[in-house]
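1. have a look at this prediction, sequence included:
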Amino acid sequence: METILRDYESKDYLQCEALVNDAWEFDKNFKPQGLADIAKLIYTKGSVINSNFRRVIEIDGRVVGFIFGLNENANKPKGGFLFGLKIIWKLLQVKPTRPSSRKELLNAFHVHENNRSRLVDKGRSEIVLFVVEKHFRGQGFGKKLWGEFHSHCQESLVKSIIVETNTDGASAFYEKLGFEIIGDFYSPVHQFAAPNSRACIYEYRCQ
């Protein structure tokens, strides 16, 4: 089994999106399929665009995990505005199963961002998106990816790193790494996949 830890490349995108879909079950939780595809795009491509650190774990030629992060002391990522316009255009092309579907999706992300902003400011160093395939969890791959981003931030004198998860998600994993909870908030986006959970923000202090 050949394992490679390397920089993310554009050719990895579809494999990364598939990992995101497997973790959050967008195809199951969003109807019609057009809305599911947009949700996957927002989470995956949006995270690529909003990150300036991107690493993947490849095993036998297949991406089985990745971390996309934002280092506040590195070059700022670009392309967010044009990506937002692209999402709006795609939403207009979808024929929802009921008239309110598009509005509910947009409102969910709006409520999520508003509630989150009460806990943390935008622009802080952050694990933007972090996924390891279920079959490869517990084998140290997540710690390796985290270690790469952690070292990158430390070299840039970043003081702390935040991450968003939920109470039914990876909270225990982050606590083992040394993250401490800042607080939780209501997010209809998280509840699509985990109806009984609340979104939460954790922080890791580098110095």
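-> Here it is on my side, so go on. Numbers count the residues shown, from 1 in each chain.

2. hmm, residue 55 is touching residue 8, no?
-> Yes. Under the criterion of CB atoms under 8 Å, residue 55 makes contact with residue 8 at 6.3 Å. For glycine as for every other residue, the C-beta is placed from the backbone atoms N, C-alpha and C.

3. mutual contacts of those two, please.
-> With contacts defined as CB atoms under 8 Å, 6 or more residues apart in numbering, the residues shared by residue 55 and residue 8 are residue 66.

4. parallel or antiparallel, list what pairs with the strand ranked longest in the chain.
-> Using DSSP state E to define each element, the chain has its longest strand at strand 62-70. Paired neighbours of strand 62-70 in the sheet (DSSP bridges): strand 53-59 (antiparallel), strand 126-132 (antiparallel).

5. can you lay out these as JSON lines showing mean neighbour count?
-> JSON lines is the format used below for these (neighbours: other CB atoms under 10 Å):
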{"stretch": "strand 53-59", "mean neighbour count": "20"}
{"stretch": "strand 126-132", "mean neighbour count": "24"}
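
6. can you add mean pLDDT and give the ones you listed back as JSON lines?
-> JSON lines is the format used below for the strands paired with strand 62-70 (pLDDT from 0 to 100):
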{"stretch": "strand 53-59", "mean pLDDT": "97"}
{"stretch": "strand 126-132", "mean pLDDT": "97"}
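
7. residue 19 is nearest to which of those?
-> Ranking the strands paired with strand 62-70 by proximity to residue 19 (CB to CB) places strand 126-132 first, at 4.6 Å.

8. so after the closest one, what's the next helix or strand?
-> Next helix or strand after strand 126-132 toward the C-terminus (DSSP states H and E): helix 141-155.

9. and for the helix or strand in which residue 191 is found, what's in contact with it?
-> Element membership of residue 191 [criterion: DSSP H and E] is helix 188-193. For helix 188-193, contacts defined as CB under 8 Å, 6+ apart pick out 24-25, 29-30, 39, 107-109, 111-112, 166, 197-199.
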